[in-house]
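Enquirer: Below: sequence and its predicted model.
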Amino acid sequence: MSESSAPARGTRHVEHAMGTVFSFDLRDPATAPVRRALKEAVAWLHHVDEVFSTYRPDSAISRLDRGEPAPERYAPEVAEVFALCGEVAHTTGGWFTHTPGGRLDPSGLVKGWAIERASRMLYEAGARNTCVNGGGDVQLRGEAAPGVPWRIGIAHPTRPGELAAVVTGRDLAVATSGTAERGAHVVDPHTGEPATALASLTLVGHGLTRTDAYATAAFAMGDGALDWVEARDGHEGLGITAAGEIWHTPGFPRATGAGP
């Protein structure tokens, strides 16, 4: 294959969907199957928004919340998400819920689920070294370059422009729940009040579906988050309290700045 006909290495794409910004960083050659998979992954994110957005009155989840039937073609995806939500609710002892305040809202799981599947679409098309980032929740596969792990900066929630830590590694999921972007929006499901003990909680695992949902639950736990995360096989965490104190589990994959 000549140089001119060889597929270019590396592809980047930014997409606005689901009320946030998604970025795709592919470090493999942009072959025809990879380009098709990227288009399919982008279309998938918009499809998920159509089904699960709580801001769209015509979405399947909004219809179900009003007690109306949703289109049958969405039933398998809705059933899958509800089953996952039930599993996470059980694992977290009720700290995760897809019915906050009595409303149907699986948003705490859906974004991670959507990103993980988009990442898998790319992987199955041959893109083995990728970063899919949706509003700061990230699914990583492979490496940033041969022999070079990915590096993901964790923003400090109370010091704009500063990083609290840098996660380094391969084949990781990184999810952060906090108050910096949307204020106190995570609700303690046991009291119905906003969770305020933590300013930020970052979890690192392998699959973003559960890592994202667990981060939401652990954030709601507040002072109990550290003990809960330490007991989780396959997950590590870093928390920053509302007072600015930083803690992390012993295995947190950090490069710099994760505290003592």
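Expert: Sure thing, it's come through.
Enquirer: which helix of the protein spans the most residues?
Expert: Scanning the chain for the longest helix, with DSSP state H as the assignment, gives helix 32-52.
Enquirer: in the host helix or strand of Met121, what's buried?
Expert: Per DSSP states H and E: Met121 is located in helix 107-124. Buried residues in helix 107-124, counted by 16 or more other C-beta atoms under 10 Å: 107-123. Placement of C-beta: from N, CA and C, glycine included.
Enquirer: what do you get for stretch 81-94?
Expert: For stretch 81-94, by 16+ other C-beta under 10 Å, it's Val81, Leu84, Cys85, Val88, Ala89, Thr91, Thr92.
Enquirer: Could you pull out the strands in this structure for me?
Expert: 9-17, 20-29, 130-134, 137-141, 150-155, 163-169, 173-178, 198-205, 236-241, 246-248 (DSSP state E).
Enquirer: Out of those strands, flag the one nearest Ile61.
Expert: The closest of those to Ile61 is strand 9-17. By C-beta to C-beta, the value is 15.5 Å.
Enquirer: Adjacent strands (with direction) for the closest one?
Expert: Using DSSP bridges, the strands paired with strand 9-17 are strand 20-29 (antiparallel).
Enquirer: ok, and what's touching the strand it pairs with?
Expert: 6-16, 34, 38, 41-42, 45, 111, 115, 118, 122, 126-135, 142-145 (C-beta atoms under 8 Å, 6 or more residues apart in numbering).
Enquirer: send the alpha carbons of it over as PDB?
Expert: This file holds the C-alpha atoms of strand 20-29, laid out as PDB (Å, rounded to 0.1, in the frame of the first residue of the first chain):
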ATOM      1  CA  THR A  20     -23.400  17.800  26.800                       C
ATOM      2  CA  VAL A  21     -20.300  17.500  24.600                       C
ATOM      3  CA  PHE A  22     -18.900  14.200  23.400                       C
ATOM      4  CA  SER A  23     -15.400  13.800  22.000                       C
ATOM      5  CA  PHE A  24     -13.900  10.900  20.200                       C
ATOM      6  CA  ASP A  25     -10.100  10.500  20.000                       C
ATOM      7  CA  LEU A  26      -9.100   7.500  17.900                       C
ATOM      8  CA  ARG A  27      -5.400   6.700  17.600                       C
ATOM      9  CA  ASP A  28      -5.700   3.900  15.000                       C
ATOM     10  CA  PRO A  29      -5.800   4.200  11.200                       C
END
